[in-house]
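Trainee: model this:
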Amino acid sequence: RRIATEEGLPPVRNIVFMGEGEPMNNPRGVVGALRILTDPKTYAYAPKHVCVSTSAPSPRHLEPLRGAPARLAWSVHAADDELRRKLVPTATHSVEELRDAFAALMRDRGDRGLMVELALMDGINDSPELAEKLADLVAPLPGKTRVNLLPYNDAGAFPGLRRPPQERVDAFRQVLIGRGLIAIQRATRGIDAMAACGNLVRQSKAQRGTGRRPGGGGS
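Mentor: Sure thing, here's the model as predicted:
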């Protein structure tokens with residue numbers, strides 16, 4: 001917050017543990033950070049403004065979140081087990097098993113609803129049929145489930161993966177809304193500066209060949 005103020009940047013209102021590796025592979029560090037961020041004597045963020053996004057490697061990995069002061073999000077990416085294992089190679093548990101673990105956790109925590117996240121990729125996990133399957137999967141979850149759709153940022157790092165056309169994203173979203181879910185599309189930011197999700201991978205690979213570090217310069 002101090003740095004944002006000094007640099008004339010917008011205030012930091014929300015913090016998400018996402019994109020730096022699976023957070024629940026480091027439960028002690030993550031939960032400790034959450035407690036520091038929400039402690040009135042330190043940063044004093046309200047838990048509703050802090051979120052942990054996890055792929056849920058196993059039901060056991062969710063246990064440390066039982067008393068964590070943060071909202072929870074599930075990076076599911078596909079409601080079909082075979083497809084999800086291709087998208088998330090570390091997945092070893094079925095989506096139904098993980099869904100039930102989240103449901104029990106949400107009830108114990110008294111949460112109002114879970115955020116479910118999907119990185120949509122053209123022709124891979126963006127069909128209306130998979131949207132219906134997702135709606136079926138999350139139907140037993142307690143509270144009001146929100147689905148966060150993240151169209152894939154085509155940075156060229158992974159051949160064959162492309163951003164879906166907007167009409168396919170809209171069709172996927174409308175299926176979910178028609179099933180009574182809250183479904184939103186996250187706004188993409190940073191593409192013009194190669195700073196959107198996935199862009200830094202491409203930048204890093206390109207600069208590795210020139211000896212330059214990501215971000216340019218030598219600092």
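
Trainee: quick check: longest helix of this protein.
Mentor: When the chain is parsed with DSSP state H, its longest helix is helix 95-109.

Trainee: strand partners of the helix or strand following that one, parallel vs antiparallel please.
Mentor: The first helix or strand that comes after helix 95-109 along the chain, using DSSP states H and E, is strand 115-120. Pairing partners of strand 115-120, with direction, according to DSSP bridges: strand 71-75 (parallel), strand 146-151 (parallel).

Trainee: any idea how far the first one is from the chain center?
Mentor: Going back to what we said before, that points to strand 71-75. Put simply, strand 71-75 sits 7 Å off its chain's centre (C-alpha atoms, centre = their mean, to the nearest Å).

Trainee: what angle separates that strand from helix 95-109?
Mentor: If you take axes from the mean of the first three to the mean of the last three C-alpha atoms, to 10 degrees, strand 71-75 sits at 180 degrees to helix 95-109.

Trainee: what sits up against strand 71-75?
Mentor: For strand 71-75, contacts defined as C-beta atoms under 8 Å, 6 or more residues apart in numbering pick out 16, 18, 47-48, 50-56, 65, 88, 98, 102, 105-106, 109, 111, 114-117, 119, 148. (C-beta placed from N, C-alpha, C; glycine too.)

Trainee: Can you give the distance of stretch 141-153 from its chain's centre?
Mentor: 9 Å.

Trainee: got the CA positions of that stretch in PDB?
Mentor: This file holds the C-alpha atoms of stretch 141-153, laid out as PDB (Å, rounded to 0.1, in the frame of the first residue of the first chain):
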ATOM      1  CA  LEU A 141     -22.000 -27.200  -3.500                       C
ATOM      2  CA  PRO A 142     -23.500 -25.200  -0.600                       C
ATOM      3  CA  GLY A 143     -24.200 -21.500  -1.000                       C
ATOM      4  CA  LYS A 144     -24.000 -19.500  -4.200                       C
ATOM      5  CA  THR A 145     -21.300 -20.800  -6.600                       C
ATOM      6  CA  ARG A 146     -19.500 -18.200  -8.800                       C
ATOM      7  CA  VAL A 147     -17.800 -19.300 -12.000                       C
ATOM      8  CA  ASN A 148     -14.800 -17.200 -13.100                       C
ATOM      9  CA  LEU A 149     -14.000 -17.700 -16.800                       C
ATOM     10  CA  LEU A 150     -10.500 -16.800 -17.900                       C
ATOM     11  CA  PRO A 151     -10.000 -16.900 -21.700                       C
ATOM     12  CA  TYR A 152      -6.500 -18.300 -22.400                       C
ATOM     13  CA  ASN A 153      -3.900 -15.700 -23.300                       C
END
